[in-house]
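Engineer: just a sequence and a predicted model for now, questions to come.
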Amino acid sequence: MSISVKNLTYVYHQGTPLETIALDDIELKIHTASWLSIVGHTGSGKSTFAQHLNALIFPQKGEVEVEGMKVGPESKDLRNIRQKVGLVFQYPEQQLFAETVYEEVAFAPRNWGVKDDEIGERVEEALGAVGLDPSYYARNPFHLSGGEKRRVAIASVLSARPLYLVLDEPTAGLDALGRKDLLGLLAELRETGMGIILITHDLELALSCSEQIMIIEKGKKLCCGTPDEILVRLLDDKVHGLVLPETAMLASKLVSEGWGVPLTSDEFILARSIIEKVKS
Amino acid sequence: MKFLNHLTFGQYVPAESLIHAMDPRAKILGTVSLLTGVFLVEHPSAFLIWFLLLMIITFFSKLPYRLILGSARPVLILVVFTALIHVFFTSGTPLFSIGFLTVSREGISMGFYMGIRLLLLVLFASLLTLTTSPIELADGLEALFSPFKPLGFPAHELAMMMTIALRFIPTLLDETDRIMKAQLARGADLDRGGLIKRLRSFIPVLIPLFVIVFQRADDLAIAMESRCYKGGKGRTRMNPLEWSLSDSIAFAICLTLVLVLSWVDRSIW
C-alpha cells in the first residue's frame, strides 16, 4: 500500500523562453497511515509534485505509481488513481459551486458512481469528520464563513473516501484557531489509516506535525527524513526561503553554549529541558 | 494533462530584440498596416510572401518560430469554421452538393482566402502581443487615440480597460486551470460525452470562475480607489513614450511593403 515516485522530472513550457524546470529527478515512497510534509519556498515545485500524485499532471520523465497503478497518459486507471488520492488545492473554498452544502459534498461520490442510498451516508461521514452537523446540509456554501467554506471543501474530497489526502497549503488564510482545528482533523484522519501528504512552505508547521519531511528546492529533493533529522540538517545547511523556527534556533544556540538541551522545534520540550537544567 | 498550457495568444515574452525595443505606437501602426495588406491580397501565391514577412519579423524578434506559430493553435477551429462557412454559403458556379449545402467554385476560393487571412491576422496580432508588454500596448493605444479626446472619445478609459483585461488573461487562465484540476480531482468528467453533457459538466468550473472574477474586480476597484485613481486627467508618466528615427523607418518599411506588395499583386500576377 504505497505511492512510489521514481526519477520524476517535469518541465513547464519546454522549448520556449518561458521554460522552467519544476521537478528534477525526484525519488520518494509514501505509505498509508503516515504523515509526510513536502516543504519548499514558492516556486520550488511542490505543487507540481502534488498534482502528479493525483494524475492531474503526467510525468515527462520517470514514473509515479499509486497502489501499483501507473500514472501516465496511457493509463486506464486514471479515475481510480484520483479516487484513491484526494487532492485539496490551496484555497479549496474557491472550487465550491453547488447550491447546498449537501450537494457540494455529494459531488465527488456521484462522480465516482456511488449509489444514491450510500451517498447520504458518505456526506454525513465526511461533514461529521470536519465538524459540520446536519443543520449545515441545506445551507448555501457561498453564505458560510471562510473557515466553514474550507471545511466543506475538504469534506467534498473526503466523501470519496481516499486512501491518501494531499493538501496544498491548507492553512493559508486561516486564523490560529482554524489552523489548529484543521491540523487536529488531519491528525485524526492519519489515525484512521489515511496517508497525509502536506504541501507547505511553513517549516515550523511541518516540523510540528509530520513523521517524515521532504525539503524541495528548485525542483530538486534536497533532503528527506524525520523532523529531528531535518532540523539537524537545516541548522548545518540553510535553505533559501525556509525560515527555521525561533525555538529551534534557540535550542541550537544553547547546544553550542554547552547546555546539553535537545535540538527541537517544540517549545514545551525545550522549556522543560531548560527548567530541568536550571534546577539541577 | 496539458489543459491550457499551449495558450500563448495574448501573452508577452520579454527579450532583447529590435522588435521588442520599438515604440508601441510604431508596432501598433505597423501591425495595422500589415493586416490591411493581408486583406488586400488577391492572388493566392502572395500569401507566401506575407508568411515569409512574418518569419523575417519573427527572426528579428528573437522569439522561437514555434512559439509564434503555436499561438494560432487555439484559433485553428475558428479559422476552419470561417473557411467552411464561406465554402458553403458563397453563391457562384455550383461544383457539387452535400445534402442541402452546395459548394461553389467561388466558395472554395473565398473559404481559402478568408481562412489564410484570419490565420495571418492572428499570427501578426500574436507577434505584436508577444513582443509588447500589456502596459506598453495600452500606453501606445492611448497615445494613438488621444487626438480624438476633444471629441469625447474615452481614450484613457479604453486603454485602462484593455490593460486590465490583458493583465488578467494569464491570471484567469491559471484560475481556470486550477478550478478544472480541482474538479477533475473530485471525479468530474470534463472531456467526455456529447455537447450537452460537456456543457453541463463545465458548470462546476464556470460558477467558481465567475465568483472569482467578480471578487477580483471588486478587489481591484477598491485598490485603485484607495490609490486615488480618478481617470487619466492630470496623470503623468514614469516612462513617457519616445518615437525614434528607427520607429519611423520601421513604420515606413511596413507601409512601403503594403503598397508595393498590393501593387505587385494587382498589376503583375
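Structural biologist: Yep, that arrived.
Engineer: the helix or strand of chain B with the lowest mean pLDDT pairs with which strands?
Structural biologist: Using mean pLDDT, DSSP states H and E, strand B:94-98 stands out as the lowest-scoring helix or strand of chain B, at a mean of 79. Here strand B:94-98 is paired, per DSSP bridges, with strand B:101-104 (antiparallel).
Engineer: mind listing residues that contact the partner strand?
Structural biologist: Residues from elsewhere that reach strand B:101-104 (C-beta atoms under 8 Å, 6 or more residues apart in numbering or on different chains): B:87-88, B:90-97. (C-beta placed from N, C-alpha, C; glycine too.)
Engineer: what average pLDDT does it get?
Structural biologist: For strand B:101-104, mean pLDDT rounds to 82.
Engineer: any idea how far the least confident helix or strand of chain B is from the chain center?
Structural biologist: 35 Å (C-alpha atoms, centre = their mean, to the nearest Å).
Engineer: which SS class is the residue nearest the centre of chain A?
Structural biologist: Centroid-nearest residue in chain A: A:Leu198, 1.6 Å away (criterion: C-alpha atoms, centre = their mean). Classification of A:Leu198 by DSSP: H, G, I helix; E, B strand; the rest coil places it in strand.
Engineer: ok, it to chain B distance?
Structural biologist: Computed as C-beta to the nearest C-beta, to the nearest Å, the A:Leu198 to chain B distance reads 16 Å.
Engineer: just A:Tyr102 next, same as before
Structural biologist: In terms of C-beta to the nearest C-beta, A:Tyr102 sits 15 Å off from chain B.
Engineer: buried among the contacts of strand B:101-104? Need that as a selection in ChimeraX.
Structural biologist: Of the contacts of strand B:101-104, the buried ones can be selected in ChimeraX as follows, counting by 16 or more other C-beta atoms under 10 Å in any protein chain shown:
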select /B:87,90
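Engineer: buried ones in stretch B:53-63, by neighbour count?
Structural biologist: B:53-54, B:57-58, B:61, B:63.
Engineer: same deal with stretch B:157-164?
Structural biologist: So stretch B:157-164, judged by 16+ other C-beta under 10 Å, has buried residues B:159-160, B:163.
Engineer: per-residue pLDDT, residue 192?
Structural biologist: Let's take chain A. For A:Thr192, the model assigns a pLDDT of 93.
Engineer: I was after chain B.
Structural biologist: At B:Arg192, pLDDT is 76.
Engineer: ditto for B:Glu136
Structural biologist: Looking at B:Glu136, the pLDDT reads 88.
Engineer: next one: it relative to chain A, how far apart?
Structural biologist: 18 Å.
Engineer: measure the residue nearest to the centre of chain A to A:Val39 for me?
Structural biologist: Per C-beta to C-beta, to the nearest Å, A:Leu198 is found 9 Å from A:Val39.
Engineer: any common contacting residues for those two?
Structural biologist: A:Ala206.
Engineer: closest to A:Lys115 out of the buried residues of stretch B:53-63?
Structural biologist: B:Leu63 (54.1 Å; C-beta to C-beta).
Engineer: that older thread, using TSV, lay out the buried residues of stretch B:157-164 together with secondary structure.
Structural biologist: Shown next, in TSV, are the buried residues of stretch B:157-164 (three-state DSSP):
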residue	secondary structure
B:Ala159	helix
B:Met160	helix
B:Thr163	helix
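Engineer: for those, which one is nearest chain A?
Structural biologist: Nearest to chain A among the buried residues of stretch B:157-164 is B:Thr163, at 21.2 Å by C-beta to the nearest C-beta.
Engineer: report the buried residues of the helix or strand containing A:Leu183.
Structural biologist: Secondary structure assigned from DSSP states H and E places A:Leu183 in helix A:176-191. For helix A:176-191, burial by neighbour count (16+ other C-beta under 10 Å) applies to A:178-179, A:181-183, A:185-186, A:189-190.
Engineer: let's have those in JSON lines, adding distance to chain B.
Structural biologist: As requested, the buried residues of helix A:176-191 are exported to JSON lines (distance: C-beta to the nearest C-beta, whole Å):
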{"residue": "A:Gly178", "distance to chain B": "20"}
{"residue": "A:Arg179", "distance to chain B": "21"}
{"residue": "A:Asp181", "distance to chain B": "22"}
{"residue": "A:Leu182", "distance to chain B": "18"}
{"residue": "A:Leu183", "distance to chain B": "22"}
{"residue": "A:Leu185", "distance to chain B": "18"}
{"residue": "A:Leu186", "distance to chain B": "17"}
{"residue": "A:Leu189", "distance to chain B": "17"}
{"residue": "A:Arg190", "distance to chain B": "20"}
